[in-house]
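*Asks:* next comes the sequence, and after it the predicted model I'd like to discuss.
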Amino acid sequence: MTTQPLTLCIALLTVSAAAMQQIPADIPRNKEVRTEGFELWRAERTIPDIGFPDLLPLVCDAGDMPGYALLLPPAPPEGRKDIVGPGEYTHTRLQIGYRYGQISREWFSLSALQAYHSGAVQLLSRMRNEWVQVEVRLYPQPARQLGQTFAKIQRSSSARLRRGTPSGHWLGEENFYLPDNRGGGTVWFVYDRATVHVVASLSLRLAEAIAHSLLYRLLMHPKQVVMPVAVPRIAVEGRLLPQAGLTMLGNVVVAPTSVLRPFGVQAQVTRTSELWAVTLRRGDRWVQAEAFGWRARTSQGEIALERPVFPYSGDLVVPLRQVAEALGLTVQAQ
Amino acid sequence: MMKRLLMVTLLITLASNLCMAQYRYSGTFYQLRWGETEDSQDLITPVNALGNPLCVKMGSSWSATLEGAGGLIGWKVSYARLRSLVDGTVHFTVNDPGVGNLKMPGQPYPLPDVPSYVDHAQLEVSYVICYWGSWGPTYYLTPIYSSEVFVVLDAPKAPMSPAWVNVLRLSCSWASGATDDSTAARKVTNALHLNGTYNGGWSAHTESFTDSDETFYVADFILSGLTGQCNDFADFLLCLQTSVGIGNRWVQRSHPLAEASRNVQINNQTYTVLDFITNNLDAAPWGSSMYDGVAMWWYHQFCVNNSGQVWDGCIQFDRPSSFRLAVIGMPREPDYRDNLVDAFLVRVNGVTTVVRRSDRLGEHWEKYWMPTPQDGFIPQIRTRRNGHP
């Protein structure tokens, strides 16, 4: 690994984090406002109870995507028209309008970014060969009542969409995916007021893992923007876990790894621009997992996880029972 | 003290006169709108005012004019330059220093002709104006004002009538240098294929589908970085072409939407055309990208004229001999159809069969291809889906 992508990544994180703090509270209506890679827009009439700050927690943070980073393009040389909307490119777009509030964000692979900055690739469309894009919408009422259903989307689509998820795991109330011909593709789901759309051009499994992480974000939102799920009380080694950070994705309880610390579990985190991994140890047992990974290596061998591992608020969220039991802990739902 | 007062008075008078003066151009200008909102404020008026974006016919003559308020004695263009924003070419420069050769208010000051090809340019102009001031004739050199200029083939056509600035910025750049319809159409089609990203074929920026209509959200498509399905590409290509003045264009789908409308009677049996399997495609963007290869589609949408020629910025045909065939005025039948379709999925007597042209059922190949509607349609265009009810 070279230091260049890492430096680039850290620089971008710094800039975007700063920009997030500076989103103007009141922006003019019907006018796009661009600042530090963010684009904000709100219509003349907007849905109630959603503001720009409410949308930000709904997508992965800038640095949550190992191997990918946000693009902040330099001002193109005069006369260069190689990116649509030169000088107006934004990696994160927030809009609040008549029908929904929406946030979308896109990352490019570190190699695509290097190619762009070296001038080897000049087209945004070409960079999308190594691309992750997420889009979350919040509607004023359950989205399915507003036509956000598989059947209706299929009727207005030229391709045959595949109902379900690539893994077959539960994800929201309705879902579909559309694989491309190279291993990547699109995953979409609807849950209560929200719809989520993820594209990952290099891996459909990555797209689905990100989609699960976005559902977690919706459920964890401080303003409870979607219908909460009932989470059973979980006891580890006979002691009840605090509910903070725990939720159910389908029938699987997931939680940040930090909830296991009181049980003698030590975490060793490896975080670079291309990898975010955690090794959890308890006695002679250990579990190693990576952000957006679907498998974990353990002291007893490799296991397929019931839900992917994903970042949230600086920690990695894991399927609780599988990881805890691999560490020799007993888990009971009450 | 008195001198300073006189100077302030003079400046105030001058400023108010300058504000009231109407800087205009005369020539063949077309109505524009910004493409940001749906209300009447989106229209750019007047169409020929200094500082506004201007849409002007290629090769036409134009001139600057200044309608004065009281006190204006004469004026002229002191400096003007028209420069391409695409490649930096300076189309003309006018340098007319001094205070001679003044025009009367309302009298035109001819500028060199508009370039005789499509371009996206910037016009910079400054004026010398002569006012009757407190001490007699007073001369004033204005700052340099600039206007964005879209040089088009002809008057923009529906659905781009009036044309949208946010579309013209792309179409006039991409078609820059074109002097005729077919060249401009080829350039914008290829540029869309190069810069767009096909999303695999799921609903993106179009809605309210029927077999003869749909609503296309132009600003959403542009802001998405030109990402969408075939409907979006076809509708946007229509906008690109019509914005530079190309007429005789519609969009059309390969098949009707409803299964019930896809029945064909052959030998007293009902054949229902379901999906079709494509040949090898280079989906946008040009070169290797996510949805290249073979696809199965319920329908495909493209841009067409009344001679049955097709333009398609969403796909190119990726031939086995490793060249790509762009769809730039290709006859819909048989060329486009047969380059696009490898096989139809046809249901007869409850059994679905893959039909290739060489198969026994392939003798009715033409009947499985159902361009809809027959004469094409022009979609409704709107700015943003989220902007209005």
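*Replies:* Structure's in. What do you need?

*Asks:* Three-state assignment for the residue nearest the centre of chain B, please.
*Replies:* In chain B, the residue lying closest to the centroid (Cα atoms, centre = their mean) is residue B:240, at 2.8 Å. Of the three states, residue B:240 takes helix under DSSP: H, G, I helix; E, B strand; the rest coil.

*Asks:* how about residue B:234?
*Replies:* Counting by three-state DSSP, the backbone at residue B:234 sits in helix.

*Asks:* could you find the closest non-adjacent residue to residue 156?
*Replies:* Looking at chain A here, since you left the chain open. With Cβ to Cβ, 6 or more residues apart in numbering or on different chains as the criterion, residue A:156 has its nearest non-adjacent residue at 4.0 Å, and that residue is residue B:203. (C-beta placed from N, C-alpha, C; glycine too.)

*Asks:* my question was about chain B, not that one.
*Replies:* Per Cβ to Cβ, 6+ apart, closest to residue B:156 is residue B:163, 3.8 Å.

*Asks:* tally of neighbours for that neighbour?
*Replies:* 28 (other Cβ atoms under 10 Å in any protein chain shown).

*Asks:* who are the neighbours in contact with it?
*Replies:* Applying Cβ atoms under 8 Å, 6 or more residues apart in numbering or on different chains to residue B:163 gives the contacts B:30-33, B:55, B:150, B:152, B:156, B:242-243.

*Asks:* please see if the one helix or strand residue B:316 maps to touches chain A.
*Replies:* Taking DSSP states H and E as the criterion, residue B:316 maps to strand B:309-318. No - under the criterion of Cβ under 8 Å from any Cβ of the partner chain, chain A is not reached by strand B:309-318; the shortest gap measures 9.6 Å.

*Asks:* quick one: list the elements packing against that strand.
*Replies:* helix B:181-195, helix B:230-243, strand B:281-283, strand B:301-304, strand B:324-331, helix B:337-340 (3 or more Cβ pairs under 8 Å, 6 or more residues apart in numbering or on different chains; DSSP states H and E).

*Asks:* can you rerun that using 6 Å?
*Replies:* helix B:181-195, helix B:230-243, strand B:281-283, strand B:301-304, strand B:324-331 (3 or more Cβ pairs under 6 Å, 6 or more residues apart in numbering or on different chains; DSSP states H and E).

*Asks:* pLDDT wise, what is residue 110 at?
*Replies:* Looking at chain A here, since you left the chain open. As predicted, residue A:110 sits at a pLDDT of 96.

*Asks:* sorry, I should have been clearer: chain B.
*Replies:* 96.

*Asks:* related to what we said a few turns ago, biggest separation within the contacts of residue B:163, which pair?
*Replies:* Greatest spatial distance in the contacts of residue B:163: B:33 and B:152, 14.7 Å, computed using Cβ to Cβ.

*Asks:* out of the two, which sits in the more crowded spot?
*Replies:* residue B:152 (27 against 23).

*Asks:* any residue of stretch B:82-97 touching chain A?
*Replies:* Yes - applying Cβ under 6 Å from any Cβ of the partner chain, one finds stretch B:82-97 touching chain A at B:87-88.

*Asks:* ok, residues contacting that stretch?
*Replies:* A:79, B:77-81, B:112, B:115, B:119-123, B:173, B:176 (Cβ atoms under 6 Å, 6 or more residues apart in numbering or on different chains).

*Asks:* try it again at 7 Å.
*Replies:* By Cβ atoms under 7 Å, 6 or more residues apart in numbering or on different chains, the residues outside stretch B:82-97 that reach it are A:79, A:81, B:76-81, B:111-112, B:115, B:119-123, B:149, B:173, B:176.

*Asks:* cool, and stretch A:158-168?
*Replies:* For stretch A:158-168, using Cβ under 7 Å, 6+ apart, the contacting residues are A:150, A:153-154, A:171, A:175-178, A:187, A:204-205, A:208, B:200-202, B:229-230, B:275, B:295-301.

*Asks:* that older thread, could I get the pLDDT score of the residue nearest to residue A:156?
*Replies:* 91.

*Asks:* tell me the phi and psi of it?
*Replies:* In terms of degrees, to the nearest 10, the main-chain angles of residue B:203 are phi -50, psi 130.

*Asks:* my guess is it meets residue A:153, correct?
*Replies:* Yes - the pair residue B:203 and residue A:153 qualifies as a contact (Cβ atoms under 7 Å) at a distance of 5.2 Å.

*Asks:* need the three-state assignment for residue A:98.
*Replies:* Residue A:98 ends up coil, using three-state DSSP.

*Asks:* now swap in residue B:173 and tell me
*Replies:* helix.

*Asks:* do the one 4 residues further on as well
*Replies:* Three-state assignment for residue B:177 (three-state DSSP): coil.

*Asks:* that one and residue B:115 touch, don't they?
*Replies:* No - counting by Cβ under 7 Å, residue B:177 sits too far from residue B:115 to count as a contact (9.4 Å).

*Asks:* and the two? Which one has more around it.
*Replies:* Taking neighbours as other Cβ under 10 Å, residue B:177 and residue B:115 compare with residue B:115 leading, 22 against 15.

*Asks:* if I look at the residue lying closest to the more buried one once chain neighbours are set aside, how far off is chain A?
*Replies:* Of all residues not flanking residue B:115 in the chain, residue B:91 sits nearest, at 4.9 Å (Cβ to Cβ, 6+ apart). In this view, residue B:91 and chain A are 15 Å apart by Cβ to the nearest Cβ, to the nearest Å.
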